[in-house]
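Student: Fold the following for me, if possible:
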Amino acid sequence: MVKVTEIRLMDRMLLIGAPGIGKTQILKQLAYQESRDLRKKFIDLTEMTTIPDDMLSNIKTNPEDYYLFLRVSSTHIQPDEINALAIRDGFADLLPFRKLYLFTVPDVYGVLFIDELPNAMDEQMTLLFSILDEKEFSWGFRLSKNVKVVAAGNPAEWSRVANTLPEPLRSKLSIINVDPPTIDEWAEYMDREFPGRWNKIVYAYLKFSQGDFIKRPDSDAEAYPCPRSWTRLALYLSNIDRTQISPFDEEYVRGTIGTSTATKFLSFLRENITEKDFEKVLKEPESFFDFNVGKQFLFLYLLSTNSTNEIMKYSGLLEVLSARSPDMLVLFFKVMDKKKRVELLTKNKDKLLKIIDYIKDVI
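Tutor: Residues are numbered from 1 along each chain as shown. Have a look, this model is predicted:
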């Protein structure tokens, strides 16, 4: 298996992996990057409810200038939603709907992404078979040769409604089994997509309890932790003080990552760290290792939220970490806001020379 972050964009590829690990985001990101490499204008049709006439006209006139992306769920596609019946010159005719029609314009580039493929029912699978196999649908409509058709789905152990794909279809697809991203890759994605808008205490917790990044649900009625649910939680907690978690906040946490994981996460948030703890570490940096592991992770997170001047008072702790626990040192800089990290290292380069080698990859 490969991590979802390691896949390459290939035609007639089926990604099989647990829900919520970022398959859709990665495919869109790869499509966007390919459009940049080809110097095409990228258009995401997924969120568009209508296609303006001028856009339709421009794509028909200069299709080689455009790169289209559309994600559709296999369970939402019905045979009568592919074409509409029209009467022209006394004859019945079939006309593709605009979004799908754009992919048939000769020389246009793009990715048609069919999600949740194993969940399709028989009549839907019959329709999708032709698109995935020959890139054709209905009465001879054919996708542009420059359009890649990609699919994704969940393995049977993660989905009760997943069906076995027909043997002929499996022979036409490259089936790629994918694992989740690493916690660090997830954090990089969060910084890229939501800069300054997510609570990095979630990242600190995940580094503390890495087994909670993705787990099967404890029961059929509960939510479960996965990259997608941690994303929602990190965004939700962005403006909430960990010391003022309300009953609704607690319930939201449980409803997002499941009861057992939420219990551990909420305990982590409530770990008692006082001013005396900070004063003690300031005077005796080695005393940091007297804390339990959870308290160590939370201490570093809280320290990272201070001003750069305040952080520099703890340069002794940073040196101790570089000698005794380089991973903890790296974590400290990763949970820090990027702008603050740059400011801290720029202003105090000479004072922090002893630790630069340990964090150069982070920088």
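
Student: all contacts plus neighbour counts: C-alpha atoms, from now on.
Tutor: Will do.

Student: Provide a list of residue ranges in this structure with pLDDT below threshold.
Tutor: Low-confidence segments of the chain (pLDDT under 70): 76-96, 120-127, 138-140, 160-162, 354, 356-363.

Student: ok, now with 50
Tutor: Scanning the chain for pLDDT under 50 picks out the ranges 84-85, 92-95.

Student: care to break it down by domain?
Tutor: Domain assignment for the chain, taken from automatic domain parsing, gives 2-179, 183-359.

Student: which stretches of the stretch 101-250 of the chain form helices?
Tutor: Assigned helices in the stretch 101-250 of the chain, in chain order: 122-134, 167-172, 183-193, 201-208, 227-236, 247-257 (criterion: DSSP state H, counting those that start in this stretch).

Student: Just say which of the ones you listed is most tucked in.
Tutor: Ranked by mean neighbour count under mean count of other C-alpha atoms under 10 Å, the helices of the stretch 101-250 of the chain are led by helix 201-208, which reaches a mean of 21.

Student: got the angle between that one and helix 183-193?
Tutor: 170 degrees (axes from the mean of the first three to the mean of the last three C-alpha atoms, to 10 degrees).

Student: picking that back up, so which of the helices of the stretch 101-250 of the chain gets nearest residue 346?
Tutor: For residue 346, the closest of the helices of the stretch 101-250 of the chain is helix 183-193, at 20.4 Å, according to C-alpha to C-alpha.

Student: quick one: the closest one to helix 227-236, angle?
Tutor: Using the same axes, to 10 degrees: helix 183-193 against helix 227-236 is 50 degrees.

Student: Any chance you could list what contacts helix 183-193?
Tutor: Outside helix 183-193, the residues within contact range by C-alpha atoms under 8 Å, 6 or more residues apart in numbering are 198, 203, 206-207, 210, 213, 227, 231.

Student: go with 7 Å
Tutor: Residues outside helix 183-193 that contact it (C-alpha atoms under 7 Å, 6 or more residues apart in numbering): residue 203.

Student: Could you check how far that helix is from the centre of its chain?
Tutor: 8 Å (C-alpha atoms, centre = their mean, to the nearest Å).

Student: do the same with stretch 103-120
Tutor: So, by C-alpha atoms, centre = their mean, the centroid of stretch 103-120 is 20 Å from its chain's centroid.

Student: Also stretch 28-35?
Tutor: Worked out by C-alpha atoms, centre = their mean, stretch 28-35 lies 14 Å from the chain centre.

Student: picking up where we left off before, indicate which one of the helices of the stretch 101-250 of the chain is closest to residue 299.
Tutor: Between these, helix 201-208 lies closest to residue 299; by C-alpha to C-alpha that is 9.8 Å.

Student: counting contacts, what elements does the closest one pack onto?
Tutor: Contacts defined by 3 or more C-alpha pairs under 7 Å, 6 or more residues apart in numbering; DSSP states H and E place helix 201-208 against helix 293-304.

Student: that older thread, could the helices of the stretch 101-250 of the chain go into JSON lines alongside distance to residue 100?
Tutor: Below are the helices of the stretch 101-250 of the chain laid out as JSON lines (distance: least, C-alpha to C-alpha, whole Å):
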{"stretch": "helix 122-134", "distance to residue 100": "11"}
{"stretch": "helix 167-172", "distance to residue 100": "21"}
{"stretch": "helix 183-193", "distance to residue 100": "28"}
{"stretch": "helix 201-208", "distance to residue 100": "40"}
{"stretch": "helix 227-236", "distance to residue 100": "28"}
{"stretch": "helix 247-257", "distance to residue 100": "35"}
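
Student: Compare those helices and give me the one nearest residue 273.
Tutor: helix 201-208 (14.2 Å).

Student: Show me the contact partners of that closest one.
Tutor: Taking C-alpha under 7 Å, 6+ apart as the rule, helix 201-208 contacts 187, 212-213, 234, 294, 297-298, 301, 335.

Student: quick one: buried residues of whichever helix in the chain runs longest?
Tutor: Looking across the chain with DSSP state H, the single longest helix is helix 23-38. Residues 23-24, 26-28, 30-32, 34-35 are the ones in helix 23-38 that count as buried (16 or more other C-alpha atoms under 10 Å).

Student: and residue 3, what are its bridge partners?
Tutor: residue 179 (DSSP bridges).

Student: ok, it - contacts?
Tutor: 178-181.

Student: What separation is there between the closest residue to residue 333 other than its chain neighbours and residue 305?
Tutor: Residue nearest to residue 333 in three dimensions, not counting chain neighbours: residue 341, with 6.7 Å by C-alpha to C-alpha, 6 or more residues apart in numbering. According to C-alpha to C-alpha, to the nearest Å, residue 341 stands 11 Å off from residue 305.
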